[in-house]
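Colleague: Sequence first, predicted coordinates after that:
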Amino acid sequence: MKKFVEKYTFIWPLLGTLILWGLIGAVSGQISMNQLFSCAKLASFALLLAMGQMVVVTSGEGAIDLSQVYILTLCAYISCNLMNINPVLGFAAAIVVGAVCGFVNGCINIYLKVPAMITTLATGYIIFTVILIGAPHMTTLPYGGLVSFINMNFGGFSMLTVICIVVASILAVVLYKTKYGKQLHAVGQKRLAAQYSGIAVGPVVIAAFTMGGALCGLAGVLCGAFIGGAFQDMGSTYFLPSIAAAFVGGTVASGGRSNVLGVCLGALMMSFMTTFLNAASLSPGIQRLIQGAFLVLILVASVSNAVKKK
């Protein structure tokens with residue numbers, strides 16, 4: 001049983017989801033599939049951020065991206081502005097800007113040797129300053145065609161959920177079936193050893209940050225359309241749930257190990273947790289306190305598990 005759980009770490013978020021679903025049913029008086037569909041829809045943005053975070057963390061050396069919420073917000077503003085002029089241009093530009101932000105983070109981390117946490121914290125504040133300066137002059141209303149598109153449903157599942165499933169499937173192929181994915185996991189386990197084995201560590205890590213930034217850009221486009229526009233603090237709601245989803249899903253804090261399915265279930269579990277805390281009539285402050293404490297426990301478990309394996 002111990003070996004099974006260690007191999008299939010997605011068991012924990014799956015179990016957590018089922019428990020929280022049952023608790024929601026106990027509070028509301030019923031358990032229905034609509035609760036699952038609703039939570040899956042609301043988990044979409046945290047999931048996209050969590051998958052981006054997973055890729056960055058997998059690159060190793062304690063890498064973590066603290067600029068995600070700011071990239072999401074900036075890309076939401078860009079998409080709202082440009083999609084009303086040209087939908088394709090606005091969609092592509094937002095994702096490209098997100099990728100460029102991630103690329104800059106990766107270059108600073110690799111070439112200037114600045115730790116990822118400090119790098120992304122600094123660039124995040126720079127991005128937020130750009131938002132503060134530019135927001136009064138930018139359109140904040142989303143493109144109507146995209147709003148209609150993401151609100152479509154297929155057998156109960158929203159288009160947002162379908163998009164996330166497609167993105168997760170593509171990411172799983174990249175991470176587990178390609179040469180780059182194998183190199184990323186090798187770099188994450190030990191960058192120096194990977195370099196001695198002939199892997200170009202710098203480009204691999206920069207590509208990880210770039211991929212994470214692109215996923216933030218996609219999250220910004222979809223989030224802006226879903227909530228009815230862009231505003232300055234729109235990304236903060238998804239910060240703690242996305243990081244918790246990345247680690248509870250099986251991503252190891254020290255790097256070198258990822259789990260796309262686990263992260264998907266982790267995001268769903270965090271969505272169920274938020275729904276349960278709302279159903280329990282807890283204030284937003286208490287909810288964030290609980291989520292923060294939960295994240296600390298996950299990180300402690302992740303680090304201690306990595307130490308034991310070494």
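Modeller: Good, I have the coordinates.

Colleague: Identify the residues contacting stretch 271-289?
Modeller: 16-17, 20-21, 23-24, 27-28, 35, 38-40, 42-43, 46, 240-241, 290-291, 294 (CB atoms under 8 Å, 6 or more residues apart in numbering). C-beta here means a position set from N, CA and C on the backbone, and glycine is covered the same way.

Colleague: switch to 6 Å and redo it
Modeller: If you take CB atoms under 6 Å, 6 or more residues apart in numbering as the criterion, stretch 271-289 is touched by 17, 20-21, 23-24, 27, 39, 42-43.

Colleague: Can you say which of these are buried?
Modeller: Buried residues within these, counting neighbours by 16 or more other CB atoms under 10 Å: 17, 20-21, 23-24, 39, 42-43.

Colleague: Redo those as CSV? Include distance to S148 and secondary structure.
Modeller: Listed next are the buried ones among the contacts of stretch 271-289 as CSV, based on distance: CB to CB, whole Å; DSSP: H, G, I helix; E, B strand; the rest coil:
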residue, distance to S148, secondary structure
T17, 30, helix
L20, 31, helix
W21, 30, helix
L23, 34, helix
I24, 29, helix
C39, 23, helix
L42, 19, helix
A43, 21, coil
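
Colleague: Just the helices from the stretch 51-200 of the chain, written as ranges.
Modeller: 68-83, 87-111, 116-134, 144-150, 159-177, 179-189, 191-196 (DSSP state H, counting those that start in this stretch).

Colleague: Packed most tightly, which of these would that be?
Modeller: With neighbours defined as mean count of other CB atoms under 10 Å, those peak in mean count at helix 68-83, which reaches a mean of 27.

Colleague: quick check, distance from it to the centre of its chain.
Modeller: Centre-to-centre, helix 68-83 and its host chain are 15 Å apart (CA atoms, centre = their mean, to the nearest Å).

Colleague: Kindly report the same for stretch 89-99.
Modeller: With CA atoms, centre = their mean, you get 17 Å for stretch 89-99.

Colleague: Using PDB, write out every CA atom in it.
Modeller: Provided in PDB are the C-alpha atoms of stretch 89-99 (Å, rounded to 0.1, in the frame of the first residue of the first chain):
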ATOM      1  CA  LEU A  89      -4.700  39.100 -32.300                       C
ATOM      2  CA  GLY A  90      -5.900  39.700 -28.800                       C
ATOM      3  CA  PHE A  91      -5.900  36.000 -27.900                       C
ATOM      4  CA  ALA A  92      -2.400  35.400 -29.300                       C
ATOM      5  CA  ALA A  93      -0.900  38.700 -28.000                       C
ATOM      6  CA  ALA A  94      -2.000  37.900 -24.400                       C
ATOM      7  CA  ILE A  95      -0.400  34.400 -24.500                       C
ATOM      8  CA  VAL A  96       2.800  35.800 -26.200                       C
ATOM      9  CA  VAL A  97       3.100  38.500 -23.500                       C
ATOM     10  CA  GLY A  98       2.700  35.900 -20.800                       C
ATOM     11  CA  ALA A  99       5.400  33.800 -22.500                       C
END
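
Colleague: quick one: average confidence on that stretch?
Modeller: The average pLDDT within stretch 89-99 is 95.

Colleague: And stretch 162-169, by the same measure?
Modeller: 96.

Colleague: Ok, stretch 54-73 next?
Modeller: pLDDT averaged over stretch 54-73 gives 93.

Colleague: Next: stretch 113-130.
Modeller: 94.

Colleague: Turn the contacts of stretch 271-289 into JSON lines, columns for pLDDT and distance to V260.
Modeller: Below are the contacts of stretch 271-289 laid out as JSON lines (pLDDT from 0 to 100; distance: CB to CB, whole Å):
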{"residue": "T17", "pLDDT": "90", "distance to V260": "16"}
{"residue": "L20", "pLDDT": "89", "distance to V260": "21"}
{"residue": "W21", "pLDDT": "90", "distance to V260": "22"}
{"residue": "L23", "pLDDT": "87", "distance to V260": "26"}
{"residue": "I24", "pLDDT": "87", "distance to V260": "26"}
{"residue": "V27", "pLDDT": "83", "distance to V260": "31"}
{"residue": "C39", "pLDDT": "92", "distance to V260": "19"}
{"residue": "L42", "pLDDT": "91", "distance to V260": "20"}
{"residue": "A43", "pLDDT": "93", "distance to V260": "14"}
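
Colleague: Low-confidence stretches in this structure?
Modeller: 1-2, 4-6, 301-310 (pLDDT under 70).
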